[in-house]
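Undergrad: what would the 3D arrangement of this be:
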Amino acid sequence: MADYIVRATAANAQIRAFACSTRETVEEARKRHDTTPVATAALGRLMSGALMMGVSMKGEKDVLTLQVQADGPLQGITATADSQGHVKGYVGNPDVNLPLNGKGKLDVSGAVGKGILNVIKDLGMKEPYNGQIELVSGEIGEDLTYYFAASEQIPSSVGLGVLIDRDYTVAQAGGFIVQLMPFASEEIVERLEQNVQRVTSVTALLSEGMTPEDLLRYVLEGFDIEFTDTVPASFFCDCSRQKTDKVLISVGRKELQSMIDEGEPVELKCHFCNTAYAYSTEELRTLFRKAR
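TA: Numbers count the residues shown, from 1 in each chain. Below is the predicted model:
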């Protein structure tokens, strides 16, 4: 089944919710970056969160970036999503390997380490919105839950999961976000808290065959749910040779001349999708003529 995101409301719009299945999307990222299992899990969780947050934006050109800057061996994670269900991302160190944690699971928290989460929303205004929190656990889901409460004052619960198969491919990936609106009653708050507490593993639910709709029905059991939208999700990078041309031109004539003098081809690689763009000496000369 192709990846997708669902949006819903519940309890007469006192709750809004998102859920996604992202196995193919995270597997594409794993293949492009050749990530280890723990790096795949960390990146997949952040990308899944970014996808659900991205589709909550209204403008077609709105872009959301989640950036984890921390001191763990993973050396940070970045994921960028738009309102159309596209996401891309990368980790600083795709080769990180750690022993399983005390629960026998991939040690995402240990790989991430301590640091900060930046949430950047480019909504087409003069300056992008930038929210920042300290990581509370490095598990990503808990960190996004804290971000919503601390920076956006929206009581939320974020569940994210990535299950890695024995051959290191992605077996399951996805998650949910449920949020209480300001006018939610105490009864609704208490019932939702009880529901969320019984969710021990997103990937276990996905492995049972649950769809994003099923995830929300499980988390929001006892509430009336209205599914409002379904958005296809996919790994997508908008890098291009035209953009790398501009990058090389921007370094200036002095730096370009140095590259030309070396007489060797130059290769630029996209951080997000690992696509390589090679430039011959003659192509560098062409760019040199366009540079200042």
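Undergrad: what's stretch 45-53 in contact with?
TA: For stretch 45-53, the external contacting residues (CB atoms under 8 Å, 6 or more residues apart in numbering) are 5, 18-20, 22, 25-26, 29, 64-66, 68, 77-81, 85, 87-89, 108, 119, 139-141, 144, 158, 160-162, 173-177, 233, 235. Every residue, glycine included, has its C-beta placed from N, CA and C.
Undergrad: for Ser21, see how far away the spatially closest residue to Ser185 that is not a sequence neighbour is.
TA: Nearest residue to Ser185, sequence neighbours excluded (CB to CB, 6 or more residues apart in numbering): Gln14, at 6.8 Å. Here Gln14 is placed at a distance of 26 Å from Ser21 (CB to CB, to the nearest Å).
Undergrad: list the neighbouring strands of the strand or helix carrying Ala17 plus their orientation.
TA: For Ala17, the host element (DSSP states H and E) is strand 15-21. Using DSSP bridges, the strands paired with strand 15-21 are strand 4-10 (antiparallel), strand 170-180 (antiparallel).
Undergrad: pLDDT below threshold where in the chain?
TA: For the chain, the stretches flagged by pLDDT under 70 are 1.
Undergrad: mind listing the strands for it?
TA: Along the chain, counting by DSSP state E, strands occupy 4-10, 15-21, 63-70, 77-82, 86-91, 115-122, 129-134, 156-164, 170-180, 225-232, 234-235, 266-269, 276-279.
Undergrad: so can I have a markdown table of these showing mean neighbour count and distance to Lys243?
TA: As requested, those are exported to a markdown table (neighbours: other CB atoms under 10 Å; distance: least, CB to CB, whole Å):
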| stretch | mean neighbour count | distance to Lys243 |
| --- | --- | --- |
| strand 4-10 | 21 | 27 |
| strand 15-21 | 25 | 28 |
| strand 63-70 | 21 | 15 |
| strand 77-82 | 25 | 14 |
| strand 86-91 | 26 | 13 |
| strand 115-122 | 18 | 16 |
| strand 129-134 | 14 | 23 |
| strand 156-164 | 25 | 29 |
| strand 170-180 | 25 | 28 |
| strand 225-232 | 14 | 25 |
| strand 234-235 | 20 | 18 |
| strand 266-269 | 14 | 9 |
| strand 276-279 | 15 | 9 |
